[in-house]
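pasted the sequence and its predicted model underneath.
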Amino acid sequence: MKLMTNLSNYVLAALLTLSIANAAEWSYEEQKRWGSIEDHSQHEVPHIYPYAVCSIGQHQSPVDLATSQVSKRLNNLKFRYYADKPDFFNTGHAVQVNLSNDYQGELLVGKEAYPLIQLHFHEPSEHVIGTKIFPAELHFVHVRDDGKIAVLGVLLEIGKDNPVFQTILENTPPQGGELKQDSDVWLSITSLLPEKRDEYYTLAGSLTTPPCSEGVDWYVLTDTTEISETQLDRLKSFFSGNARLKQELNNRAIAKKK
Ligand SMILES: [Zn+2]
């Protein structure tokens, strides 16, 4: 895989949630102490603490988006998400879809192209707006060849059935760590996006799961995608409460494109 040449194996493995040797186990229940989880295969600091940045990082995600300020100088987003026959993955922490290796779909931020490698769901939402927590949140994870990561967040609301989300739910394996490959199921990725795609919040943040790596550019759309109550219940039957709590902004500004 060409990405491996540039991006650290460790972070890429975390993004794809492949099992990697000696990766320390973590859970949402103990999220406040992710940073102090020890990797017992290691003997020296800092390697003993593979997730230290979860605790000491100053640019962590998710955050409360309520303090956003409208900016007129933000890039346009362009979604070149093609249909794909992906792999369906139960990571043990989330329902995830891994795009196929030759997938050409990408997110354009201005003129910068970010290839889409996977998407996954959190319940409830990780990003919040003031006191408003959404029923769920969808993350599209994009990784450029040089390792730069951009994540697009879509907040999910209760409404009508989403047929593409239904296909994902029906193809996700029941057991954590199980991957359904060669499913021969086509997914229309764009059908997971809301209709209005030109307004978003943006800030610099991190992965919201260990190793919580920073340097991630976040884009959270202001419009939401609808799923039905039944579909939310089905999602919860896989994972419920797989959302990291909001993190401190620490002087970061949240810009809003309108
Ligand atoms: Zn996520």
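Yes, it's here. Numbering: from 1, shown residues only.

below-threshold pLDDT in this structure: ranges please.
Residue ranges of the chain with pLDDT under 70: 1-7, 18-22.

give me the most central residue, it.
By C-alpha atoms, centre = their mean, the mean C-alpha position of the chain lies nearest to H139, the distance being 3.5 Å.

contacts for the strand or helix carrying that one, please.
Using DSSP states H and E, H139 sits within strand 136-143. Contacting residues not belonging to strand 136-143 are listed as 3, 7, 12, 15, 81, 106-107, 114-127, 149-156, 192, 208, 225, 227, 232, 235, 243 [C-beta atoms under 8 Å, 6 or more residues apart in numbering]. Every C-beta, even on glycine, is put in place using the N, C-alpha and C of the backbone.

in strands only, show me those.
106-107, 114-122, 149-156, 225, 227 (DSSP state E).

can you map out the helices along the chain?
Secondary structure of the chain, counting by DSSP state H: helices at 3-6, 9-16, 53-56, 163-171, 229-238.

so for Q247, which of the ones you listed sits nearest?
Between Q247 and those, the shortest separation by C-beta to C-beta is 9.4 Å, and it involves helix 53-56.

return the distance of I227 relative to L138.
Going from I227 to L138 by C-beta to C-beta, to the nearest Å gives 9 Å.

thought S125 was touching V154?
No: between S125 and V154 there is no contact under C-beta atoms under 8 Å: 9.7 Å.

next up, the contacts around the closest residue to S61 other than its chain neighbours.
Nearest residue to S61, sequence neighbours excluded (C-beta to C-beta, 6 or more residues apart in numbering): G205, at 3.3 Å. Counting by C-beta under 8 Å, 6+ apart, G205 touches 59-63, 214, 216-218, 247, 252.

list the ones among those that fall in strands.
Of these, the ones assigned to strands by DSSP E are 214, 216-218.

quick check: beta-bridge partners of V141?
According to DSSP bridges, the partner residues bridging V141 are Q118, V151.

give me the neighbour count for it.
22 (other C-beta atoms under 10 Å).

ditto for L155
L155 - counted by other C-beta under 10 Å - has 25 other residues nearby.

for the remainder of this discussion, apply numbering that starts at 798.
Yes, from this point I'll number from 798; that puts the last item at L952.

which strand residues bridge it?
With DSSP bridges as the rule, L952 is bridged to E934.

quick check: it vs N1047, distance?
When L952 is compared with N1047 (using C-beta to C-beta), they lie 23 Å apart.

and F937, by the same measure?
Here the criterion is C-beta to C-beta. By it, F937 lies 25 Å from N1047.

again with L949
23 Å.

and if you look at S833?
S833 is 20 Å from N1047, by C-beta to C-beta.

contact partners for I930?
Here I930 is in contact with 921-922 (C-beta under 8 Å, 6+ apart).

check the spacing between it and F962 real quick.
Look at I930 and F962: by C-beta to C-beta, they are 19 Å apart.

what do you get for W823?
With C-beta to C-beta as the criterion, W823 and F962 are 26 Å apart.

CA-only coordinates of stretch 963-978 in CSV, if you can.
Backbone C-alpha positions of stretch 963-978 (Å, rounded to 0.1, in the frame of the first residue of the first chain) are rendered in CSV as follows:
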residue,chain,number,x,y,z
GLN,A,963,-29.3,0.6,6.0
THR,A,964,-27.0,-1.3,3.6
ILE,A,965,-24.0,-0.5,5.9
LEU,A,966,-25.9,-1.7,8.9
GLU,A,967,-27.0,-4.9,7.2
ASN,A,968,-23.5,-5.8,6.0
THR,A,969,-21.5,-4.9,9.2
PRO,A,970,-20.3,-8.2,10.9
PRO,A,971,-21.6,-8.8,14.4
GLN,A,972,-18.3,-9.5,16.1
GLY,A,973,-15.6,-6.9,16.9
GLY,A,974,-12.5,-7.3,14.7
GLU,A,975,-14.5,-9.0,11.9
LEU,A,976,-14.1,-7.7,8.4
LYS,A,977,-16.5,-8.6,5.5
GLN,A,978,-14.4,-8.5,2.3
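
nothing else from me, thank you.
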